[in-house]
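Student: Below is the structure, and that's it, no one-letter string:
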């Protein structure tokens, strides 16, 4: 059984994380070293998570209540919750399925006198061009934030030079995970100082909490191997639990309803130490290998199951998404073939303000429910990629002939 995603961390890194938990560190010095390692332009800011950093950025900006923030229509729900917690109004921007870039017509329609900022998410490992967005933002005096949590590529890419803030995650299932943490590139010095001042008022993440994370992720890594994972799925079914929801839940960084309380903490020294290690020793060879696997899998699948973002000029295949008219059927058939595929559980389509219902992101609303994430990482040999692609193709071929045509899948097959 090939699990949906392997944690991008070595056993030696987990061992170092445990060592870091019992080592006496100067936390302030560690944070400065992480930030200097990320970029020597003195623009980096280390924090607990991308959510934490985004919350601090909005707090430091202090936008007037009721201001609107334009948001890539597909994002994680927590980013919308944070916007709303600051008394701001999220407004969706529809996406082009070919490269997952913001639809510029959608952006032009969404801008109003209340618009103050834009949050752009780079999805699935793609990196969309910001130049058209930046041009419009400059004309209207808007702040630009880019969420690069799924587009990590090491220190070679620390964000677009003209974005106000670029946010990179080291969360559980992210590239080069440090079991948490984030680095933001904040280009306004005064704003960055204000964010640091605000963060110093937060309680520090406890060492005990981070030790638990190390053991939890060590267990997750152990269970990601074929026999152990198959045993886990069997046990979940015997207990009457939904394996898909259980697995998705274990990777959540901030479970429960107390989101702001959980994310308003400073990273502990051990987390900063492992972040420093992951940045310092990150090798792009692993990224290149993953990219080749993603490209190979999509070439084997062909056009029968189009992949959102496949036409992006830069794509590292953090995940490999495909569209299918009956995603649950595809997931079940792939599981029977030994592949753990999944729905896009963590993603959410941003809803428009009640008084601007015409701004619905119709393309994203059609697309997201059809997305299936396929397992594709360097540990999967080519013969298994061929078998996975064959299973995907067979599922599409075997779809009921009398099933209603789904416009998004049909449109994507002609456009992607």
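Tutor: Yep, it's here. In this text, all values refer to a predicted model and were calculated from it rather than measured experimentally.

Student: Only C-alpha atoms from now on, for both contacts and neighbour counts.
Tutor: OK.

Student: This structure - how does it break down into domains?
Tutor: As assigned by automatic domain parsing, the chain contains the domains 25-199, 284-415.

Student: right, and the ones you listed - which one's nearest residue 258?
Tutor: Residue 258 sits nearest to domain 25-199 of all those, at 11.1 Å, using Cα to Cα.

Student: Give me the mean pLDDT for the closest one.
Tutor: Average pLDDT, domain 25-199: 96.

Student: Ends of it, what's the gap?
Tutor: Start-to-end span of domain 25-199 (Cα to Cα, to the nearest Å) is 19 Å.

Student: what number of residues lie near residue 198?
Tutor: 15 (other Cα atoms under 10 Å).

Student: show me the residues around it that make contact.
Tutor: Contact analysis of residue 198 by Cα atoms under 8 Å, 6 or more residues apart in numbering lists 56, 60.

Student: any idea how far it is from residue 12?
Tutor: For residue 198, the distance to residue 12 - Cα to Cα - is 34 Å.

Student: ok, back up a step: mind checking the domains of the chain for the one nearest to residue 261?
Tutor: Nearest of those (Cα to Cα): domain 25-199, 10.1 Å.

Student: how about residue 146, what does it touch?
Tutor: Applying Cα under 8 Å, 6+ apart, the residues contacting residue 146 are 119, 120, 121, 122, 159, 163, 165, 166, 167.

Student: In JSON lines: the residues you listed, plus distance to residue 293.
Tutor: Converted to JSON lines, those look like this (distance: Cα to Cα, whole Å):
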{"residue": "119", "distance to residue 293": "30"}
{"residue": "120", "distance to residue 293": "26"}
{"residue": "121", "distance to residue 293": "23"}
{"residue": "122", "distance to residue 293": "20"}
{"residue": "159", "distance to residue 293": "25"}
{"residue": "163", "distance to residue 293": "31"}
{"residue": "165", "distance to residue 293": "31"}
{"residue": "166", "distance to residue 293": "27"}
{"residue": "167", "distance to residue 293": "26"}
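
Student: Of these, which is the nearest to residue 288?
Tutor: The nearest one, if we look at these relative to residue 288 and count by Cα to Cα, is residue 122, at 18.0 Å.

Student: Please report the number of neighbouring residues for residue 11.
Tutor: Residue 11: 11 surrounding residues under other Cα under 10 Å.

Student: Now it. Nearest residue, chain neighbours left out?
Tutor: residue 218 (7.8 Å; Cα to Cα, 6 or more residues apart in numbering).
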